[in-house]
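In: Test case, fold it:
(one chain, ligands or ions: 2)
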Amino acid sequence: MWPNTKKEKTAWLNTALGKNHRAAKNGRQMSKFIKIGHRGAMGYEPENTLRSFDKAIELGVDMIELDIHLCKTGETVVIHDESVDRTTNGQGLVGNMELGELKLLDAGKGERIPVLEEVLSLVNKRAAVNIELKGRETAQPAADIIRQHVSNGWNPELFIVSSFDWDELREFRRCAFGNRIGVLFNNNYDDLFDFAGEVAAYSIHVPQEKASEDLISDIKRRGFKVFVWTVNEKEDIEKIQKLGADGAFSNFPDRLATR
Ligand code: G3P
Ligand code: CA
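Out: Ligands and ions are numbered 1, 2, ... in the order given. As a prediction, this is how the structure comes out:
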């Protein structure tokens with residue numbers, strides 16, 4: 001249920017701000033390594049398709065990750081690139097195409113590009129969902145869809161919304177009180193902690209090549225979860241587990257053995 005009373009809002013914010021994680025950091029509770037299926041299980045099935053998300057769940061993920069854009073008719077479609085060229089048999093920009101046109105395309109093995117609601121219907125609370133805001137103006141639609149699913153019995157903790165586009169995350173925080181935010185970054189992270197504090201982030205999602213012991217411990221010390229992307233090789237997975245990451249994204253999520 002969406003929080004209404006002050007008490008509900010406080011409880012929800014405590015979750016969003018990761019206070020449970022801070023308790024874990026202080027040794028009062030153990031946290032498990034979170035297995036995240038990158039674009040589903042894209043090492044095995046066509047990325048960001050229902051088939052891929054189904055496979056990830058079959059492989060025992062705790063969370064699936066997906067990317068969203070808006071199409072011309074306003075639906076929230078699950079696709080990584082701003083164009084359909086790489087992942088389907090069509091051509092063109094997602095934002096210039098109506099949902100009906102997109103649905104005619106083959107996204108691999110006969111799969112169709114799903115809308116976010118179709119993915120959530122498939123997942124049906126069996127895993128958490130990391131929604132990455134790839135396209136512009138996706139914050140508000142994502143917040144609306146999450147709100148609707150929370151009203152229908154989904155635990156708000158089952159959602160993390162992330163983005164490289166920090167303005168989009170600011171907008172998401174403005175319209176989604178208390179939901180979990182994950183901050184993505186690539187090379188430059190000078191303002192990372194200021195920004196993560198500003199939007200009351202739950203987690204920081206670190207590219208594998210930047211996942212040093214110092215950075216991971218700094219992030220954890222500041223009370224954020226650390227999820228590393230995209231880790232596919234067994235030795236790299238073991239390495240980031242030893243460094244204390246809280247979880248990782250993988251194209252082969254079955255390789256993310258639990259500690
Ligand atoms: O969210 C982690 C990862 O998915 C970010 O990179 O390009 O795979 O969306 P990308
Ligand atoms: Ca992504």
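In: CA only for contacts and neighbour counts going forward, please
Out: Will do.
In: now Glu117: how far from Leu50?
Out: 11 Å (CA to CA, to the nearest Å).
In: ignore the last one, Asp218
Out: Asp218 is 36 Å from Leu50, by CA to CA.
In: Let's verify Arg126: helix, strand, or coil?
Out: With DSSP: H, G, I helix; E, B strand; the rest coil as the basis, Arg126 sits in coil.
In: Same check on Val77?
Out: Classified using three-state DSSP, Val77 is strand.
In: and Thr195, how many residues sit next to it?
Out: For the record, residue 195 is Phe, not Thr. Close neighbours of Phe195, defined as other CA atoms under 10 Å, add up to 16.
In: which outside residues touch the helix or strand it falls within?
Out: Using DSSP states H and E, Phe195 falls within helix 192-198. Residues from elsewhere that reach helix 192-198, judged by CA atoms under 8 Å, 6 or more residues apart in numbering: 183, 185, 204.
In: What residues sit buried inside that helix?
Out: For helix 192-198, the neighbour count (16 or more other CA atoms under 10 Å) marks 193, 195-196 as buried.
In: residues contacting Ile219?
Out: Contacts of Ile219 by CA under 8 Å, 6+ apart are 204, 225-226.
In: any idea which of those has the most stuff around it?
Out: Most surrounded of the contacts of Ile219: other CA under 10 Å gives Val226, at 26 neighbours.
In: Tell me which strands the helix or strand hosting that residue pairs with, and in which orientation.
Out: Assessed by DSSP H and E, Val226 sits inside strand 225-229. Paired strands of strand 225-229, with direction, are strand 203-207 (parallel), strand 247-250 (parallel) (DSSP bridges).
In: Quick one: residues in contact with the last one.
Out: To tie it back to what came earlier, the one meant is strand 247-250. Residues contacting strand 247-250 (CA under 8 Å, 6+ apart): 33-38, 41, 65, 226-232, 237, 241, 256.
In: ok, and for the helix ranked longest in the chain, which residues are buried?
Out: In the chain, taking DSSP state H as the definition, the longest helix is helix 139-151. The neighbour-count check on helix 139-151 (16+ other CA under 10 Å) flags 139-143, 146-147, 149-150 as buried.
In: what's Leu93 in contact with, if anything?
Out: 82-84.
In: Now with 10 Å, please.
Out: Each residue near Leu93 by CA atoms under 10 Å, 6 or more residues apart in numbering is listed here: 71-72, 81-85.
In: Pick out the most distant pair among the residues you listed.
Out: Largest separation among the contacts of Leu93 by CA to CA: Lys72 and Asp85, giving 16.4 Å.
In: before we move on, the earlier item: starting at the chain centroid, how far to the strand holding Val226?
Out: 11 Å (CA atoms, centre = their mean, to the nearest Å).
In: sorry, back to before: now, of the contacts of Leu93, which are buried?
Out: Buried among the contacts of Leu93 (16+ other CA under 10 Å): 71-72, 81-84.
In: Tell me which stretches of the stretch 101-250 of the chain form strands.
Out: Here the stretch 101-250 of the chain has its strands, by DSSP state E, counting those that start in this stretch, at 128-133, 159-163, 180-184, 203-207, 225-229, 247-250.
In: For the shortest one, C-alpha coordinates in PDB please.
Out: Coordinates of the C-alpha atoms in strand 247-250 are reproduced here as PDB (Å, rounded to 0.1, in the frame of the first residue of the first chain):
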ATOM      1  CA  GLY A 247      25.300  -8.500  -5.100                       C
ATOM      2  CA  ALA A 248      26.100  -8.600  -8.800                       C
ATOM      3  CA  PHE A 249      24.500  -8.500 -12.200                       C
ATOM      4  CA  SER A 250      25.400 -11.300 -14.600                       C
END
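In: Figure out how far it is from the centre of its chain.
Out: Using CA atoms, centre = their mean, the offset of strand 247-250 from its chain centre is 11 Å.
In: What of the second one?
Out: Mean C-alpha position of strand 159-163 versus that of the full chain (CA atoms, centre = their mean) differs by 4 Å.
In: same thing with the third one?
Out: Strand 180-184 sits 8 Å away from the centroid of its parent chain (CA atoms, centre = their mean).
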